[in-house]
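Enquirer: This is a predicted model, with the sequence first.
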Amino acid sequence: YAVLRPERAQRGLMYAGPPLAGTDDLPSLAKKCQGRTVDVDHVAKLLADGSLVGVVQGSREIGLPSLGHRSFLSWGLAKQLQETPDNKRRYRVPTVVVPVNVTASLFGRQVRSPNSFALEYWTPGVLKTLPPACHREGQVLVQTLKEDENPWLWMLLWAVGQRLLYPALLMSNLRRPAGEHIESVDDAFTSFQSSFLDYLLIESFLFDRDCLKSLKK
């Protein structure tokens, strides 16, 4: 070992956490409370219309704040998140996630930051078209995304870009009320119930707030 270190398979840690528990129950839950399966274009339309959407998919993120599997997504932030002080404190300032190949046009230089650590300035032309929540004095934390890192989110960004000016979304961690990780479908609904989310997407099943009334019955 001291002469030649053995080769080890490289394992990405971005989504190396435990898989979501309880997904086998999703079809029956959807039937009970009028949840439905939706595609990327449907979610993009909701976001473009100003909805706040929680996304819970696949294995949980681990390590640095690599987002996308336990996240809330919006564009410009939902009105209630901008105006409610308690909710502002509850959620951290969102990060903007963008495809890595558009960073030069948005920030004036190539950026590669998969872990939400790049503090960048929007270009002046882009800045004047943005909602106020998308920057602080022109600055924003940037997470870049490659297609193979999260294919679903990659497609969503481009679907949003077809409806809005840019393939970009505000995104931050989605957790349970006390800050614990979401590990199961039940955890996801607990977070949904205690949040201002308009919709919750679990895998490919979309639930609105009316479904919470059905689950209580």
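Expert: Alright, I've got the coordinates. Numbers count the residues shown, from 1 in each chain.
Enquirer: which residue is nearest the middle of this structure?
Expert: By C-alpha atoms, centre = their mean, the mean C-alpha position of the chain lies nearest to Ser71, the distance being 3.6 Å.
Enquirer: Which of the three states applies to that one?
Expert: Following DSSP: H, G, I helix; E, B strand; the rest coil, Ser71 is assigned to strand.
Enquirer: Could I get the contacting residues of it?
Expert: The contact partners of Ser71, by C-beta atoms under 8 Å, 6 or more residues apart in numbering, come to 54-55, 171-174. Using the backbone N, CA and C atoms, a C-beta is placed for each residue, glycine as well.
Enquirer: The helix or strand of the chain with the lowest mean pLDDT: what's the following helix or strand?
Expert: Here the helix or strand of the chain ranked lowest by mean pLDDT, DSSP states H and E is helix 85-90, holding a mean of 44. On the C-terminal side of helix 85-90, the closest following helix or strand by DSSP states H and E is strand 95-99.
Enquirer: from the middle of its chain, how far away would that next one be?
Expert: Mean C-alpha position of strand 95-99 versus that of the full chain (C-alpha atoms, centre = their mean, to the nearest Å) differs by 9 Å.
Enquirer: Now the residue nearest to Phe107 when sequence neighbours are not counted: phi and psi?
Expert: Closest residue to Phe107 apart from its sequence neighbours, by C-beta to C-beta, 6 or more residues apart in numbering: Glu120 at 4.4 Å. When read as degrees, to the nearest 10, the backbone of Glu120 gives phi -130, psi 160.
Enquirer: and if you look at Cys211?
Expert: Per degrees, to the nearest 10, the backbone of Cys211 is at phi -70, psi -30.
Enquirer: re the thing from before, would you mind giving the contacts of Ser71 as TSV with pLDDT added?
Expert: Output for the contacts of Ser71, formatted as TSV (pLDDT from 0 to 100):
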residue	pLDDT
Gly54	94
Val55	95
Met171	86
Ser172	82
Asn173	83
Leu174	87
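Enquirer: Contacts made by stretch 141-159 with the rest, please.
Expert: Outside stretch 141-159, the residues within contact range by C-beta under 8 Å, 6+ apart are 12, 14-15, 40-41, 43-44, 47, 57, 66-69, 73, 93, 95-100, 103, 107, 111-120, 167-169, 171.
Enquirer: if we go to 6 Å?
Expert: Contacting residues not belonging to stretch 141-159 are listed as 40-41, 44, 68, 95-97, 99-100, 111-113, 116, 118-120, 167 [C-beta atoms under 6 Å, 6 or more residues apart in numbering].
Enquirer: same deal with stretch 104-114?
Expert: Contacts for stretch 104-114 (C-beta under 6 Å, 6+ apart): 103, 118, 120, 123, 126, 142, 144.
Enquirer: Appreciated, that's everything.
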